[in-house]
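[1] Generate a structure from the sequence data that follows.
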Amino acid sequence: GFYFNSDLESVEVTADNLMNKTFIDEIDLELWSPRTVDIYQTGTNFVVLAASSAQGSLTTCDSMSAALACSGTSTPQLGNVPFFYTSCGDLTHFGPDPYHFT
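    Residues are numbered from 1 along each chain as shown. Predicted coordinates:
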């Protein structure tokens, strides 16, 4: 979805221009190829690595100083919370709120 903050006429024009650029698709559960996704962290830096193969569970971080911070999957599962990397200008956010900057 999109959030717009402007006068009504500008919002309508912007939204109308985006309507034909919106694509919605549903992937059936049997078509997903889940894999392990691990987040490694060292200081304030982090890297997200996915297993190299479908159904894979092994990731390897090249940094000897990075520690495994958390692990999840590339597909939704009961009890898991998705994380998003978002940016706004020079600011960045990594966490479960995709609308952190709104």
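[2] could you pull out the helices for the protein?
    Along the chain, counting by DSSP state H, helices occupy 8-19.
[3] So in terms of bridging, what pairs with Thr36?
    Thr36 has these beta-bridge partners by DSSP bridges: Thr73.
[4] per-residue confidence at it?
    Note on Thr36: pLDDT of 89.
[5] Ile24 now?
    Reported pLDDT for Ile24: 75.
[6] any idea how far Pro76 is from it?
    17 Å (CB to CB, to the nearest Å). Every C-beta, even on glycine, is put in place using the N, C-alpha and C of the backbone.
[7] of these two, who's got more company?
    Per other CB atoms under 10 Å, whichever of Ile24 and Pro76 has more neighbours is Pro76, with 11 against 4.
[8] so what's the more buried one up against?
    Pro82 (CB atoms under 8 Å, 6 or more residues apart in numbering).
[9] which residues of this structure fall in strands?
    36-42, 45-50, 67-73, 84-88, 91-95 (DSSP state E).
[10] Going by mean pLDDT, which of those comes out lowest?
    Looking at the strands of the chain, the weakest mean confidence is strand 84-88, a mean of 84.
[11] And for the residue nearest the centre of the chain, nearest residue in space, chain neighbours not counted?
    Of all residues in the chain, the one closest to the mean position by CA atoms, centre = their mean is Phe84, 3.6 Å from it. Once flanking residues are discounted, Phe84 sits nearest to Pro98: 4.2 Å by CB to CB, 6 or more residues apart in numbering.
[12] What is the burial count for the one you found?
    With other CB under 10 Å as criterion, Pro98 counts 14.
[13] any idea how far it is from Tyr85?
    9 Å.
[14] just Asp62 next, same as before
    Counting by CB to CB - Asp62 and Tyr85 are separated by 20 Å.
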